[in-house]
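Engineer: the sequence and its predicted three-dimensional model are supplied below.
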Amino acid sequence: MPSNNYLALGDSYTIGESVAESDRWPNQLVDSLRRHGMKFSKPTIIATTGWRTDDLARAVSEAHLKNEYGLVSLLIGVNNQYQGKPVDLYAVEFEELLKTAILFAGGKKENVFVVSIPDYGYTPFGKPKQSVISPAIDEFNAVNKRITLASGINYVDITDISRRGLQQPELVAADGLHPSGKMYALWVERIVEDLTH
């Protein structure tokens, strides 16, 4: 993997809602990759709490980024599910975003990875509706995984880690909904394992 810039595309999970900037998983990832001897500058993060796939696509087009990133990640879809948007539309918009991510990596698919959507049904906020939330998250993840693997892109599944949130309250941020820095650290361990194997 080249020493280069890292672009993280996403929503509240990527911007790290309710955690310190240093605890955001893209920042933790860069720190970890540096410890593995890889030279990465501070990540460029295009992500905002509440964004769906269409919001992210709009923001990306307005950002006028260059196709010169050594690493690009994509994690998007929870707000499509939360806001009741159809999974078929998500599939179309996710695939377009993935193609864009590949372009930003200079066409090098090996430098792109997708992270699965975490399951917020395993948080104090989501617990009352877990029986509805969890199957829906599984459905959205089945779609993004299928598209990712069909595109020849690395897929990092962290959803099982997110499902420890009720048993291990320290993995949930103070807002009772988003992951804590400790959960993000567990994601990063898995991502690094995938990137460096």
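Structural biologist: Sure thing, it's come through.

Engineer: could you point out where this protein is predicted with low confidence?
Structural biologist: 1-3 (pLDDT under 70).

Engineer: now the farthest one out in this structure, which residue is it?
Structural biologist: Distance from the C-alpha centroid of the chain, by CA atoms, centre = their mean, peaks at residue 128 (24.4 Å).

Engineer: distance of the residue nearest to the spatial centre of the chain relative to residue 128?
Structural biologist: The C-alpha lying nearest the average C-alpha coordinate of the chain belongs to residue 75 (CA atoms, centre = their mean; 2.7 Å). Per CB to CB, to the nearest Å, residue 75 is found 25 Å from residue 128. C-beta here means a position set from N, CA and C on the backbone, and glycine is covered the same way.

Engineer: how about residue 160?
Structural biologist: Counting by CB to CB - residue 160 and residue 128 are separated by 21 Å.

Engineer: kindly report the same for residue 32.
Structural biologist: Distance from residue 32 to residue 128, by CB to CB: 35 Å.

Engineer: which helices and strands does whichever helix in the chain runs longest pack with?
Structural biologist: If you go by DSSP state H, the chain has its longest helix at helix 130-150. Helix 130-150 sits against helix 78-82, helix 87-104, strand 112-115, strand 154-156, helix 159-162, with contacts defined as 3 or more CB pairs under 8 Å, 6 or more residues apart in numbering; DSSP states H and E.

Engineer: so for it, what gets flagged as buried?
Structural biologist: 130, 133, 134, 136, 137, 140, 141, 143, 144, 147, 148 (16 or more other CB atoms under 10 Å).

Engineer: turn the residues you listed into CSV, including distance to residue 62.
Structural biologist: Shown next, in CSV, are these (distance: CB to CB, whole Å):
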residue, distance to residue 62
130, 36
133, 31
134, 34
136, 29
137, 29
140, 25
141, 28
143, 26
144, 23
147, 24
148, 25
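
Engineer: out of these, flag the one nearest to residue 16.
Structural biologist: residue 137 (19.5 Å; CB to CB).

Engineer: quick one: residues contacting that closest one.
Structural biologist: Residue 137 makes contacts with 78, 81, 117, 118, 119, 120, 121, 159, as judged by CB atoms under 8 Å, 6 or more residues apart in numbering.
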